[in-house]
Structure formats: structure tokens, C-alpha cells
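A.B. asks: when you get a sec, could you give me coordinates for this:
(one chain, ligands or ions: 1)
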Amino acid sequence: MKVTVVGAGHVGATCAQRIVENSIADVYLVDIVEGLAAGKALDLAEAAPLVGHGRSITGGTEYGPAEGSDVVVITAGVARKPGMSRDDLLETNGRIVTQIVEELVAVAPDAVIIMVTNPLDVTTHIAKEVSNFPRERVMGMAGALDTARFRAFIGMELDCAARDVQAMVLGGHGDSMVPLVSSATVGGVPITQLIDARRLEEIVERTRDGGAEIVSLLKTASAFYAPSAGVTDMVASILRDEGRVIPVSVLLQGEFGIEDTFLGVPARLGAGGVEEIIECELSDDELAALQRSAQHVRETVEAWERICAG
Ligand code: APR
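C.D. replies: Prediction:
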């Protein structure tokens, strides 16, 4: 099994580390900056005897060694600075992912693409357009991260293990995301029985602003530990054919009443990529919020199309 990770920055290098150190796959790391991917890959390979994995990890600037990859993870592009929204990255990152997907399609035509570069739902749309892959094989990582943040904050609030919190965040990866309060549970107990509505609303807000909170602390970088953990869960579920149910950004074709829009929804991930979109029942408010989120993604796609035309 081989995974190519494009972008050897914070998110990409940490993804590579998690994938090899958890013995999920061999990794080829690519970056446009000469020596960066090769250097980080060599450093990770030198850690192998200490952490005890037998995976191969190499790096470079070329796409040839990505040949035959089962999964490609795209993290290349610029990250946010304080005060920026994810949409502010559109023009720069849209062009970067276009060029990268063209390179990858030539060498790894059967791969599953996992997009990480922001603005996530739109870069995933671009990857689908450029690759012309079936929708099962083009997805974006956002829900895994937003859900992890939501679960972590609920765990902190209740002083209980975050892994016992079950919850889901749907919608676009941005201000319009939709954390589902009604179905969140801790060890099977609905959180609405444990946390009052006002406090829950604050936790939902913190989840929505989770990325910005990290950017404002780091100042010169955005989050990468939790994002790379989200990617690793998705890669593992696909390569090990685990069938995990994880919210991912996927092209909706009528599901949830939404047409032709990439949006975060629960999906079963296995060897074929997105093997099923799980159309769970939503409250009227949640469905309306999901529709608003879809509208925001469509508007950002239109902004991208104007950039391409202009
Ligand atoms: N080809 C390959 N690599 C590229 C290209 C390109 N055309 N353009 C930029 N890169 C590389 C940079 O050289 C850098 O090493 O992408 C890497 C990005 O790394 P960071 O700046 O550390 O950014 P990171 O925090 O990893 O975030 C990457 O993921 O979460 C999103 O919003 C985030 O869009 C951002 C992306």
C-alpha cells in the first residue's frame, strides 16, 4: 500500500509521520521546495528503528515516484494567518491544487484523492473537475477534524474521555458548518441531558471557530496535529477497508436534497473510497443550516469560476 502526501509543511509532514508510524502504508512525500520533502522523509526514516515501524518513507519534488499510489493526500498550499478566512486562500490554493491534481492523475489514475488544502469544499470540487475521477474517489477532510474538535470540547466540559463522546459535524468547513447537538452522546447519554442549551451553544461556537482559535495562538501557522489525525483515520479506513463512518466532503447528487455540491456528510469509507453516503435524519433547523452551508460552498465555487474566467 502506498500513500503520496503532497505538501511537506505542517499538515503534510505530520500526516506522513502518522501514516508510517502507525504502519498504515509506505509514504512518498512531495513538496515544491527543493530538499524539504526529501529532508523530512529522511528524518522520519531515521526514526524507524526507534519507533519500530518497517514502512518506507521517501520524499522529493517530482511526481514520478507517486506512481501507483492507492491514496493521495493533498495538503499543499498556503495556510491562514490571523484575521484571514479559509475563503481568502481561494485564488492561490485553487491554482496550486489544479496543477498538482494534473500531475497526480498522470501517474496515479486509480488513486483515492483526499483533499486537505483550504478552502476545503471548493478545492475538493476542483480536484473532482480536474481529475474527472468518480465521486467515490474524491473527498475532502474536514468533518473528521471538526467532529474531533466538537468531541474534544464536550469531553473538556464534562471532564470525561473525549473518545466516549459520539458526535458529528456536517456541512462546509467554515463558518457555516453544522455541529449536530441533538444526536451527540457521551457513553450513550444524550449531551442535552448533561449540558444546558446556552453552554452547548458556546461549545458549538467554539467548534465553528476551532481553526481560528489555533491560528490566533500560533500566529504564523494553522492547526496540524488534529487535521493530520483526521486524515490518518480516513486513510486507514480506506486502505484497511474498515468501513468507518466519518463525515467527509463529498459530491452530493440529491442526498439531503442537495445537488452538485461538495459538502461534509457522514460516509462509510472502505477500499473503494466513499462506499456509501449515510442520509441520516436531520431536524428542520439542521437541514436548513445544511442548505445554507451548501449555498455558501456554491457561491465560493462561483467565485473560483470567475477567477478562472478572468
Ligand atoms: N506543489 C507542492 N507543494 C507546494 C506547492 C506546490 N505547487 N505550493 C506550496 N507547496 C507546499 C509548501 O512549500 C509548504 O511546504 O505546501 C506546504 C504547505 O505547508 P504549510 O505552509 O506548513 O501549511 P500547512 O499548515 O501544512 O497547511 C496546508 O492545509 O489545513 C490546510 O489551510 C491549510 O491550506 C492549508 C493546507
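
A.B. asks: who's in contact with the residue nearest to residue 138 when sequence neighbours are not counted?
C.D. replies: In space, and not counting its chain neighbours, residue 138 is closest to residue 128: 4.4 Å by CB to CB, 6 or more residues apart in numbering. Where C-beta positions appear, they are placed from N, C-alpha and C, glycine not excepted. Counting by CB atoms under 8 Å, 6 or more residues apart in numbering, residue 128 touches 135, 138, 251, 262.

A.B. asks: find the nearest non-adjacent residue to the third one, please.
C.D. replies: Taking CB to CB, 6+ apart as the measure, residue 251 lies nearest to residue 135, with 4.2 Å between them; neighbours along the chain are not counted.

A.B. asks: that neighbour and residue 125: what is the separation?
C.D. replies: Going from residue 135 to residue 125 by CB to CB, to the nearest Å gives 11 Å.

A.B. asks: who's more crowded, these two?
C.D. replies: residue 125 (25 against 15; other CB atoms under 10 Å).

A.B. asks: dihedrals phi and psi, the more buried one?
C.D. replies: phi -60, psi -40 (degrees, to the nearest 10).

A.B. asks: my read is that it contacts residue 301, right?
C.D. replies: Yes: if you go by CB atoms under 8 Å, residue 125 and residue 301 touch, sitting 5.5 Å apart.

A.B. asks: whichever residue of the chain sits closest to the ligand: neighbouring residues, count only.
C.D. replies: Using CB to the nearest ligand atom, residue 9 is the residue of the chain that sits closest to the ligand, at 1.7 Å. Neighbourhood size, residue 9 [other CB under 10 Å]: 20.

A.B. asks: and stretch 124-137, does that touch the ligand?
C.D. replies: No: in terms of CB under 6 Å from any ligand atom, no part of stretch 124-137 sits within range of the ligand; the closest distance is 12.0 Å.

A.B. asks: wait, the residue of the chain closest to the ligand sits on residue 96?
C.D. replies: No: the criterion here is CB under 8 Å, and residue 9 misses it with residue 96 at 11.8 Å.

A.B. asks: contacts only, for the residue nearest the centre of the chain.
C.D. replies: Closest to where the C-alpha atoms of the chain average out (CA atoms, centre = their mean) is residue 141, at 1.5 Å. With contacts defined as CB under 8 Å, 6+ apart, the neighbours of residue 141 are 114-116, 120, 227, 230-231, 234, 248-249.

A.B. asks: turn these into JSON lines, including pLDDT, distance to the ligand and secondary structure.
C.D. replies: Shown next, in JSON lines, are those (pLDDT from 0 to 100; distance: CB to the nearest ligand atom, whole Å; DSSP: H, G, I helix; E, B strand; the rest coil):
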{"residue": "114", "pLDDT": "98", "distance to the ligand": "12", "secondary structure": "strand"}
{"residue": "115", "pLDDT": "98", "distance to the ligand": "9", "secondary structure": "strand"}
{"residue": "116", "pLDDT": "98", "distance to the ligand": "5", "secondary structure": "coil"}
{"residue": "120", "pLDDT": "95", "distance to the ligand": "8", "secondary structure": "helix"}
{"residue": "227", "pLDDT": "98", "distance to the ligand": "5", "secondary structure": "helix"}
{"residue": "230", "pLDDT": "98", "distance to the ligand": "10", "secondary structure": "helix"}
{"residue": "231", "pLDDT": "98", "distance to the ligand": "10", "secondary structure": "helix"}
{"residue": "234", "pLDDT": "98", "distance to the ligand": "14", "secondary structure": "helix"}
{"residue": "248", "pLDDT": "98", "distance to the ligand": "15", "secondary structure": "strand"}
{"residue": "249", "pLDDT": "97", "distance to the ligand": "13", "secondary structure": "strand"}
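
A.B. asks: can those residues go into JSON lines with extra columns for distance to residue 258 and neighbour count?
C.D. replies: Below are these laid out as JSON lines (distance: CB to CB, whole Å; neighbours: other CB atoms under 10 Å):
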{"residue": "114", "distance to residue 258": "21", "neighbour count": "30"}
{"residue": "115", "distance to residue 258": "19", "neighbour count": "29"}
{"residue": "116", "distance to residue 258": "22", "neighbour count": "30"}
{"residue": "120", "distance to residue 258": "16", "neighbour count": "25"}
{"residue": "227", "distance to residue 258": "25", "neighbour count": "24"}
{"residue": "230", "distance to residue 258": "22", "neighbour count": "26"}
{"residue": "231", "distance to residue 258": "24", "neighbour count": "27"}
{"residue": "234", "distance to residue 258": "21", "neighbour count": "25"}
{"residue": "248", "distance to residue 258": "15", "neighbour count": "28"}
{"residue": "249", "distance to residue 258": "12", "neighbour count": "31"}
